[in-house]
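In: Turn this into a structure:
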Amino acid sequence: MPDITVACRYALTRWDGRAPGFGTIYGSTVETLVNKEAGIPEYQNRLLTAKEEVEFVNSQPYTLDPYPYDDSAWQPQHASRVPCDGPTEGDIRVFIGHPRDYPGTGFGSYDVLGLTKSLCFERETRMGPYGFSAVAGKNGKKVDWDKVNWGELQHQCREQNRARFHRDNKPNRFLGLVEDESEEPGSLRARSAHREELPQMATTMDESTNETVKMKESRTALLLRTYTGKQYNENDKQMIRSLVTELSLRTGGEYEVSLFLHVKDDTDIWASEEAYRQVVEKYIPPEFWNMTVLWNTEKVKRTYPKLTPKALLVHNGQFSPIQIFMQEHREFDYVWNWEMDSRLIGHHYDFLTKLANFSRKQPRKGLWERNERYYIPSFHGDYETDFRTTIEHIYAGNSVWGAPDIPAVKPVGPKPPVPRPEDDDYKWGVGEEADLITLAPIFNPINSNWVLRNQVWGYRSRDFAWGDLPRRATIITQLRASRRLLDIMHVENLRGNHLASEMVAQTVALIHGLKAVYAPMPVYFDRAWDGAQLAKWFNGGPKGESGSFGSAMGWGQEGRFQGSTWYFRAIPPQKLYNNWMGYEDAGIGGVEWEKEHGRACLPMMMLHPVKEVKETEQG
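Out: Predicted coordinates for the structure are as follows:
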């Protein structure tokens, strides 16, 4: 049954400004900042007084530099980075303080991730270097963006820094997972020689010289999902430029950003280099031509002939072309699947680095159980102590510990160091890179009313059917996956095993014993929920989880998310972003409103979905 009570409450109070706590996430400006003089220990030495002041407010902006390359602690352990130039310097400015009366997060935490809510981002100081304002290049002339070649800039940067990275061109080691005719039909035989460890950000000591040997850095691809027929507005372009500058150029090539273009028509993009190029030039703005990668369903069909037609649909197989990409680009250790309609209010490198750091520190004990519920600080308490202890008590003796025993699967992940989780003191997994990082809970869809819970193909043997397969899922497919995980997903698809897009990476990580982490990023609501209410309505499972019976992700229950800043049918993301970019929405924002109240300013947050932003440029 639809969640009528919550839906009606939402409809009745949506525009009722008198409701307690209603709408406090809207209307914050640089004029409402408080605690401007407060120190930000976690960003010590990352904030520099900006060279130029701004005309629209008396507050002093600061340049945010979150990169570690000048730190004395970083330099001895890493090869020197060669800085790469873009068309502009790309320095973004921020304001210290947070908006007065701004609510706390509903889900997630700044502190847990090592972020801060005491920096406020305004559109011109944030997006100005990427074309929101008229920008002068290093020659003093206005930048002609159509003449910028972002693909070539990334290529040059990568080559200048190639000594920093390991260029692993070895084939997928998990292709050694082959059909074993001596066992049950469909079972796998995993050879230990094919176990692959992810590169660790660490150093070793050369005993012969007693000198530190600097380890090679990992590289991450960021695939920005797009499709033929999409129209790119100015804000889309500014967002893409900021991703490339902040993640690729400023890091010396640690990231590489590509437009991952789904070619929907029957064009034979593989007929020739010219045919491929014609598609790129037809659908993509010129500045991004050389950073565009094409794919189509036909190539996925040829690669995975055992998948059914339904499993091949992009709706169900969003990660299949990414798996192919990672087979062809062995130089990457990780890949971010990035939604075109998501927006970060904040600095991309700062945000992604903090997610990776948090995930690396997480112990495996109780991890899958922590993953499967929204972290609500006002309800769960401290993440590393209260929350962990609560989970341990709830699941005593019955938590996931290594890969589950499944007849149709022979796991390739590491085995637990001790037989039971009770024997581990939260040590296993600490310092281990995550194979999967998600931005929302990794919930159990079985026994929920989620519409895709049974989208499973293959995974059967003589005594095992797909319905018995343990599963996990995450709503919104923006996530980071390791090459190891994608290699295993590739092999599973070769064998005809597959799940719906929202389940496939999570489930494969679970059944193969890999490390998966829900990083509890800050999520806001447009009305006041207390912690107990949030726990009841969003973690409504029998053990306080977000899946199973009572799942908010079930059919008819998703109205609960309409007032959040991160969900595919949420209302606040578009409204907040419109206001932030200087446009009126529901009586807030726009030129006249800002004359009275000041420029919109927001703390760091991820927003989704943001579908459209007006073309008219605001100053």
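
In: in terms of contact, does Ala134 touch Lys141 like I think?
Out: No. Ala134 is beyond contact range of Lys141, at 10.7 Å (criterion: CB atoms under 8 Å). Every C-beta, even on glycine, is put in place using the N, C-alpha and C of the backbone.

In: Is the residue nearest in space to the middle of the chain bridged to anything, and to what?
Out: Ranked by distance to the mean C-alpha position of the chain (CA atoms, centre = their mean), the top residue is Leu479 at 4.0 Å. Leu479 has these beta-bridge partners by DSSP bridges: Asn337, Thr438.

In: Please verify my assumption that it contacts Ile437.
Out: Yes. Contact between Leu479 and Ile437 holds when scored by CB under 8 Å: they sit 6.1 Å apart.

In: can you give me the strands for the stretch 51-200 of the chain?
Out: Using DSSP state E, counting those that start in this stretch, the strands found in the stretch 51-200 of the chain span residues 61-64, 93-96, 98-99, 119-122, 178-179, 188-189.

In: same deal with the stretch 501-619 of the chain?
Out: So, for the stretch 501-619 of the chain - with DSSP E, counting those that start in this stretch - the strands run 516-518, 601-602, 605-607.

In: For the first one, name the packing helices and strands.
Out: Spelled out, that is strand 516-518. helix 367-371, strand 436-438, helix 501-511 (3 or more CB pairs under 8 Å, 6 or more residues apart in numbering; DSSP states H and E).

In: and the longest one, C-alpha only, in CSV?
Out: Yep, that's helix 501-511 we're talking about. Below are the C-alpha coordinates for helix 501-511, written out as CSV (Å, rounded to 0.1, in the frame of the first residue of the first chain):
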residue,chain,number,x,y,z
SER,A,501,22.0,-2.0,-11.8
GLU,A,502,21.3,-0.9,-8.2
MET,A,503,22.2,-4.4,-6.9
VAL,A,504,25.0,-5.7,-9.1
ALA,A,505,28.1,-4.1,-7.5
GLN,A,506,26.8,-4.4,-4.0
THR,A,507,25.8,-8.1,-4.4
VAL,A,508,29.0,-9.2,-6.1
ALA,A,509,31.0,-7.5,-3.4
LEU,A,510,29.0,-9.3,-0.7
ILE,A,511,29.1,-12.8,-2.2
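
In: which residues of the chain score low on pLDDT?
Out: Counting by pLDDT under 70, the chain contains low-confidence residues at 1-20, 38, 176-213, 615-619.

In: for the lengthiest helix in it, the distance to its chain's centre please.
Out: Of all segments of type helix in the chain, defined using DSSP state H, the longest is helix 348-361. How far helix 348-361 lies from its chain's middle: 10 Å, per CA atoms, centre = their mean, to the nearest Å.

In: Kindly report the same for stretch 217-234.
Out: 13 Å.

In: Equivalent analysis for stretch 451-461, please.
Out: Worked out by CA atoms, centre = their mean, stretch 451-461 lies 25 Å from the chain centre.

In: Other residues contacting that stretch?
Out: 184-187, 306-308, 310-311, 316, 407-409, 445-446, 466-467, 469, 471, 473, 492, 495-500, 502-503, 555 (CB atoms under 8 Å, 6 or more residues apart in numbering).

In: Alpha carbons only: can I get it in CSV?
Out: Extracted as CSV, the C-alpha positions of stretch 451-461 are listed here (Å, rounded to 0.1, in the frame of the first residue of the first chain):
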residue,chain,number,x,y,z
VAL,A,451,10.4,-3.1,-7.3
LEU,A,452,13.7,-4.4,-8.6
ARG,A,453,14.4,-6.8,-5.7
ASN,A,454,14.0,-9.9,-7.9
GLN,A,455,15.9,-8.7,-11.0
VAL,A,456,18.4,-11.6,-10.9
TRP,A,457,19.6,-13.6,-13.9
GLY,A,458,21.7,-16.8,-13.7
TYR,A,459,23.2,-17.7,-10.3
ARG,A,460,21.8,-21.2,-10.3
SER,A,461,23.2,-24.7,-9.9
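
In: sec struct for Leu259, please.
Out: On the three-state scheme (DSSP: H, G, I helix; E, B strand; the rest coil), Leu259 is labelled strand.

In: Give the bridge partners for it, please.
Out: Beta-bridge partners of Leu259, as defined by DSSP bridges: Leu224, Thr292.

In: so how far is Ser342 from it?
Out: Using CB to CB, to the nearest Å, we find Leu259 at a distance of 15 Å from Ser342.

In: How about Ala586?
Out: To Ser342, Ala586 is 21 Å away according to CB to CB.

In: and if you look at Arg364?
Out: Arg364 sits 29 Å away from Ser342, going by CB to CB.

In: With neighbour numbers in mind, choose between those two.
Out: Arg364 (25 against 19; other CB atoms under 10 Å).

In: didn't the more buried one look like it was pressed against Ala516?
Out: No. With contact defined as CB under 8 Å, Arg364 and Ala516 do not form a contacting pair (9.8 Å).

In: about what we covered before: out of the contacts of stretch 451-461, which end up buried?
Out: Using 16 or more other CB atoms under 10 Å as the burial test, the contacts of stretch 451-461 include 186-187, 307, 311, 316, 408-409, 445-446, 466, 469, 471, 473, 492, 495-500, 502-503 as buried.

In: Among those, which ones are in strands?
Out: His498, Leu499 (DSSP state E).

In: Correct me if wrong: Leu259 contacts Met291.
Out: Yes. Between Leu259 and Met291 a contact is recorded at 6.1 Å, counting by CB under 8 Å.

In: and Phe538, what does it touch?
Out: Phe538 touches Phe107, Tyr374, Ile376, Ser546, Ala552, Arg560, counting by CB under 8 Å, 6+ apart.

In: Just give me the closest of the residues you listed to Glu122.
Out: Phe107 (24.8 Å; CB to CB).

In: any idea how far Ile475 is from that closest one?
Out: From Phe107 over to Ile475 (counting by CB to CB), the distance is 13 Å.

In: of those two, who's got more company?
Out: Phe107 (25 against 21).

In: Wait, the more buried one touches Tyr374, no?
Out: Yes. Counting by CB under 8 Å, Phe107 touches Tyr374, with 4.5 Å between them.

In: shared neighbours, the two?
Out: Contact criterion CB under 8 Å, 6+ apart; residues shared by Phe107 and Tyr374: Pro520, Leu534, Phe538.

In: Touching, the first one and Asp111? I think so.
Out: No. Pro520 is not in contact with Asp111 according to CB under 8 Å; the separation is 10.5 Å.

In: Would you mind telling me which of those two has the busier surroundings?
Out: Pro520 (27 against 13).

In: I'd like the distance between that one and Pro441.
Out: For Pro520, the distance to Pro441 (CB to CB) stands at 9 Å.

In: can I get the strands of the stretch 501-619 of the chain in CSV with distance to Ser564 and mean neighbour count?
Out: As requested, those are exported to CSV (distance: least, CB to CB, whole Å; neighbours: other CB atoms under 10 Å):
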stretch, distance to Ser564, mean neighbour count
strand 516-518, 16, 27
strand 601-602, 15, 27
strand 605-607, 10, 23
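
In: among these, which is nearest Gln574?
Out: strand 605-607 (8.1 Å).

In: rewinding a little: for the strands of the stretch 51-200 of the chain, state which one has the densest average packing.
Out: Among the strands of the stretch 51-200 of the chain, judged by mean count of other CB atoms under 10 Å, the one packed with the most neighbours on average is strand 119-122 (a mean of 26).
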